[in-house]
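1. Okay, structure incoming, though there's no sequence with it:
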């Protein structure tokens, strides 16, 4: 065995900054009931709404929003949505999402105890998306009790209906945490 020549050592010091849970501001406290990890095994959907660090540049507190959907029978992946949810001082909720289906949405609405109703204010889509163009959307969350929450998505597309909304999905979630 040859002697080790010109040996050197590298020491790397890693400082882990723990993620500390933020205290929800007065406006976002109105969303406390919707926070957590929710899942529907029947419809194969998962929803996670959790606090996000405050971006000091904007000084606005948001909640992280993520939703996943997959086939009940084949387990094939349908789509994901990621975004942010917040409530302004006037009590208006805003949800901004982007999904791997080519859509981005900007939705606004009012929060009431155990209910949130959002309506579409703007939508963007990539030009080659295969989905039928969505023209309007209403998303409603209703917490029935500590264990169950329902989400109803209604929409109007380029072909149906001409006015109002058509129910797209109605999912009852069970709280996982």
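-> Perfect, thanks for sending it. For clarity, every value in this text was computed on a predicted model and none was experimentally measured. Residues are numbered from 1 along each chain as shown.
2. Show me where this structure has its strands.
-> Assigned strands in the chain, in chain order: 36-40, 45-51, 63-70, 77-87, 92-99, 103-112, 115-125, 134-143, 148-157, 166-175 (criterion: DSSP state E).
3. And the last one, what does it pack against?
-> Spelled out, it's strand 166-175. strand 36-40, strand 45-51, strand 148-157 (3 or more C-beta pairs under 8 Å, 6 or more residues apart in numbering; DSSP states H and E). Where you see a C-beta, it was placed from the backbone N, CA and C, and this is true even at glycine.
4. 10 Å - rerun?
-> strand 36-40, strand 45-51, strand 63-70, strand 134-143, strand 148-157 (3 or more C-beta pairs under 10 Å, 6 or more residues apart in numbering; DSSP states H and E).
5. looking at the strands of the chain, which is closest to residue 29?
-> Closest of the strands of the chain to residue 29 is strand 77-87, at 8.5 Å (criterion: C-beta to C-beta).
6. on that earlier part again, turn the strands of the chain into a markdown table, including mean pLDDT, distance to residue 29 and mean neighbour count.
-> Putting the strands of the chain into a markdown table (pLDDT from 0 to 100; distance: least, C-beta to C-beta, whole Å; neighbours: other C-beta atoms under 10 Å) gives the following:
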| stretch | mean pLDDT | distance to residue 29 | mean neighbour count |
| --- | --- | --- | --- |
| strand 36-40 | 96 | 15 | 18 |
| strand 45-51 | 95 | 11 | 18 |
| strand 63-70 | 95 | 11 | 18 |
| strand 77-87 | 94 | 9 | 17 |
| strand 92-99 | 96 | 12 | 18 |
| strand 103-112 | 95 | 10 | 18 |
| strand 115-125 | 96 | 13 | 16 |
| strand 134-143 | 95 | 15 | 18 |
| strand 148-157 | 96 | 17 | 18 |
| strand 166-175 | 95 | 18 | 15 |
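7. Put together CSV for those strands, with distance to residue 57 on each row.
-> Listed next are these as CSV, based on distance: least, C-beta to C-beta, whole Å:
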stretch, distance to residue 57
strand 36-40, 28
strand 45-51, 18
strand 63-70, 17
strand 77-87, 14
strand 92-99, 17
strand 103-112, 20
strand 115-125, 23
strand 134-143, 28
strand 148-157, 31
strand 166-175, 33
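8. which residues does residue 69 bridge with?
-> residue 45, residue 79 (DSSP bridges).
9. again with residue 86
-> With DSSP bridges as the rule, residue 86 is bridged to residue 94.
10. Identify the residues contacting it.
-> Going by C-beta atoms under 10 Å, 6 or more residues apart in numbering, residue 86 touches 25, 27-28, 31, 52, 60-63, 65, 92-96.
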